[in-house]
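Visitor: Sequence and predicted model, in that order:
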Amino acid sequence: MTSPLLPPPEWRVSPGLTPYPAALAEMEARAAAVAGSHAHELIWLLEHPPVYTAGTSADPADLVDPRFPVVSAGRGGKYTYHGPGQRVGYLVLDLNARGRDVRCFVHAVEGWVIAALGRLGVEAFRAPGRVGIWTLDAAGREAKVGAIGVRVRRWVTLHGFSVNVAPDLSHFGGIVPCGLPDHPVTSLAALGRPTDMATFDEALASCAPAFLQTLSCPSQNET
């Protein structure tokens, strides 16, 4: 169970665009330091220049048009896109202290983002068999508004989530997002809920304490 004395993670918001390789290197270094008890946990919010990232189960056939750099991410999952207008959240959290349950962790991240979107008037939900954050688009289709991809090393988490606030959705056309050709992607802007990054970050911050409290969640082990 989570220790009641566990300090809150560092909350960092980086302005501008952070190159993906630099962020990956910093995140991995921070995770190693957390695993060695040399640093505090980290919740890091940022944006990237346009990039396609390949997870450990990426299928080369899903890379349709590599118009942007392609980087091996080391996380689970397939191909995804990161770019301006998309909020990326990297979570370097110590599951040794918060509960060694990866399934619970992913479930909790989904719940956190869904709750934050709800504060902005967006009804989002989980979809059975499809990790990520889903909503209904203007045509009533299930569309992905947020992706989740994680890695756990020495029971410290890396990577995290991305939410489409107002990216150029045409940039997703270079890949089959998350290997799901039958499901479109959407954004808060496309849903008619234009939101600036600071407002979305405030929603995330307001829901973060509940997220951290749910990480040790044995009740989810049976779901």
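Guide: Received the coordinates, thanks.

Visitor: tell me the secondary structure for Val88?
Guide: Under DSSP: H, G, I helix; E, B strand; the rest coil, Val88 falls in the strand class.

Visitor: out of everything not next to it in sequence, what's closest to it?
Guide: Across the structure, with CB to CB, 6 or more residues apart in numbering as the measure, the residue nearest Val88 apart from its sequence neighbours is Ser162 (4.7 Å). Where you see a C-beta, it was placed from the backbone N, CA and C, and this is true even at glycine.

Visitor: How many neighbouring residues does Ala58 have?
Guide: Counted with other CB atoms under 10 Å, the neighbours of Ala58 add up to 22.

Visitor: Let me fix that, I meant to ask about Ala139.
Guide: For Ala139, using other CB under 10 Å, the count is 8.

Visitor: Tell me which helix or strand it sits in.
Guide: Secondary-structure assignment from DSSP states H and E places Ala139 in no helical or strand segment.

Visitor: hang on, isn't Ser206 packed against Ala116?
Guide: Yes: taking CB atoms under 8 Å as the definition, Ser206 is a contact partner of Ala116 at 7.5 Å.

Visitor: Between the two, tell me which one has more neighbours.
Guide: In this comparison of Ser206 against Ala116, neighbours counted by other CB under 10 Å, the higher total goes to Ala116 at 26 against 12.

Visitor: Chain neighbours aside, what residue packs nearest to the more buried one?
Guide: In space, not counting the residues next to it along the chain, Ala116 is nearest to Ala203; the distance is 4.0 Å by CB to CB, 6+ apart.

Visitor: Now do the residue nearest the centre of the chain, the pLDDT please.
Guide: Centroid check for the chain by CA atoms, centre = their mean gives Phe161 as the closest residue, at 0.1 Å. Per-residue pLDDT puts Phe161 at 97.

Visitor: check contacts around it.
Guide: Contact analysis of Phe161 by CB atoms under 8 Å, 6 or more residues apart in numbering lists Val88, Gly89, Leu91, Val109, Val113, Ile133, Gly146, Ala147, Ile148, Gly149.

Visitor: strands paired with the one helix or strand the third one maps to, and their directions?
Guide: So that's Leu91. Counting by DSSP H and E, the element that carries Leu91 is strand 86-92. For strand 86-92, the pairing partners within the sheet under DSSP bridges are strand 42-47 (antiparallel), strand 156-164 (antiparallel).

Visitor: Would you convert the ones you listed into TSV that also reports distance to Arg75?
Guide: Rendered in TSV, the data for the strands paired with strand 86-92 read as follows (distance: least, CB to CB, whole Å):
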stretch	distance to Arg75
strand 42-47	15
strand 156-164	4
